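Visitor: Coordinates for the following, if possible.
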Amino acid sequence: MFSSDDLPDYPVNSDLVRRLKAALDANDEGSLRELIGREVEPVDAVIELANDDWMKDPSAQLPSGVLLGLWTLEYKRELTTPLCIAAAHGHTACVRHLLSRGAHPDASPGGRGPLHEACLGDHTACARLLLQHGADPDLPSAEGLAPLHLCRTTASLGCAQALLEHGASVQLPGGAGRDTPLHVAAQHGLDEHAHLYLGHGACVDARNRRGETALSLACGAARKPDEHARCLRLCALLLQRGAAADARDEDERSPLHKACGHARHSLARLLLRYGADAGALDYGGASPLARVLQTAACAPQAAPQLTVQTLLNHGSPTVWPDAFPKVLRTCAPAPGVIEVLFNSYAQLHVSESWKEMIPEEVYQMHEPFYQSFFALAHTPRCLQHLCRCAIRRWSGKNCFHLIPLLPLPKSLQDYLLLEPEGVLH
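Guide: Purely as a prediction, here's the structure:
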């Protein structure tokens, strides 16, 4: 790594350097040209940032103008260069001028070079300029991250393309986690980045320090609602390129475990279609069904009953009958989950004492369902339900595939596939 030891000995934070930093922050190319002239050329000056520069967020201010930030008692010494500052801000003209005056494209006294900063800021034009002037596309930062590891947003696709055009490696593991660029793309749900990396020879099932593949990371990351479709495309791409649907990490958790932990039924269905094991157990003895039951009450907006339904229709073992009261206590705010799971048993004795496990406000909120549920306390299930269970036993793990082939109306097919109705019969 090109470090401060290789740079000219300019006085850190001299008046000249302070003026230089101010010009760079303001994208003031005129002042920059004036400061970097023929007589004094601090083009690679080492600039020490103030201890709290990195804490301040100008966009987050209280009405009084007080800056919001994170404060620490530990002094943090941060060094940088004019080129790093210009690249971090995306000031293309300043970057061009500094490079024309001989600024070193890999100078990184603070642990990150200009190319790292450009990629972090999604500044494609700056990244291309630096690469054209000889910046190392695989330069490791102090944390062991190459610039490609810092392409973490959809807007950074241009930076990633530029890096690969200049010879960056898609196989480099980086950082403490030993993630490859494909791992990074998967974690952030960047389907276009993943397509780019796979096209340049990225290993689809490379593992990081925790034994995770890119598919495992993609399924395990929390997503905002508007990111789900992009993540689904990403996982479909990885599976189409040969990713192992049932790859286990160091905790023996599969991608399906992780998708179910977020109650993402579309992703669970995709993984099951590619051969994921619906009954797999992790080191803690939890199945994918157990994972979605654990999160059901916390993610009602994700419709967890659909994930439960998908797993049961692909052969997942149901919950041991004696454990059903525990499920009722955990999942009471998600009656759809209770309904789908309860309908997977041919007969399950309902006890009126189970009412104590349901908070009063939850019972009132979903009263029609729970009234129908406890009405079965002294009544056997109807013949139609028993026929459903017989057909499901005949179909085995292939319910999802075989039942739609039966010459039955769509409403009956849905009934056989445990489609929730809102009440029990």
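Visitor: In contact with the closest residue to Phe369 other than its chain neighbours, which residues are there?
Guide: What sits nearest to Phe369 in space, not counting adjacent residues and going by C-beta to C-beta, 6 or more residues apart in numbering, is Pro335, at 4.4 Å. (Each C-beta comes from the backbone N, C-alpha and C, glycine too.) Counting by C-beta atoms under 8 Å, 6 or more residues apart in numbering, Pro335 makes contact with 366, 369-370, 422.
Visitor: least trustworthy helix or strand in this protein by mean pLDDT?
Guide: Here the helix or strand of the chain ranked lowest by mean pLDDT, DSSP states H and E is helix 29-35, holding a mean of 61.
Visitor: which helices and strands sit right next to the helix or strand harbouring Ala390?
Guide: Using DSSP states H and E, Ala390 falls within helix 383-395. Helix 383-395 sits against helix 410-416, with contacts defined as 3 or more C-beta pairs under 8 Å, 6 or more residues apart in numbering; DSSP states H and E.
Visitor: where's the helix it packs on relative to the chain centroid, distance-wise?
Guide: Helix 410-416 sits 35 Å away from the centroid of its parent chain (C-alpha atoms, centre = their mean, to the nearest Å).
Visitor: Next, the buried residues of that helix.
Guide: 415-416 (16 or more other C-beta atoms under 10 Å).
Visitor: try stretch 313-321
Guide: 313-316, 318-319.
Visitor: just stretch 354-362 next, same as before
Guide: Quick answer for stretch 354-362 (16+ other C-beta under 10 Å): 354, 358, 362.
Visitor: can I assume the last one sits in a helix?
Guide: Okay, so that is Val362. Yes - under DSSP: H, G, I helix; E, B strand; the rest coil, Val362 falls within a helix.
Visitor: got the contact list for it?
Guide: Counted by C-beta under 8 Å, 6+ apart, Val362 has contacts 332-333.
Visitor: where does it land on pLDDT?
Guide: Looking at Val362, its pLDDT reads 95.
Visitor: what do you get for Leu68?
Guide: For Leu68, pLDDT reads 40.
Visitor: shaky segments in this structure?
Guide: 1-47, 49-77 (pLDDT under 70).
Visitor: Domains of it: list them as residue ranges, please.
Guide: 1-50+78-139+146-151+182-192, 258-425 (automatic domain parsing).
Visitor: Just give the number of residues close to the spatially closest residue to His228 that is not a sequence neighbour.
Guide: Beyond its immediate neighbours in the sequence, the residue positioned closest to His228 (C-beta to C-beta, 6+ apart) is Arg264, lying 6.9 Å away. Arg264 is flanked by 27 other residues according to other C-beta atoms under 10 Å.
Visitor: helix, strand or coil for Glu339?
Guide: helix.
Visitor: where's the closest residue in space to it that isn't next to it in sequence relative to Pro321, distance?
Guide: Leaving aside its sequence neighbours, Glu339 sits nearest to Pro420 (C-beta to C-beta, 6+ apart; 5.2 Å). Separation of Pro420 from Pro321 (C-beta to C-beta, to the nearest Å) stands at 20 Å.
Visitor: One more: Ala176?
Guide: 45 Å.
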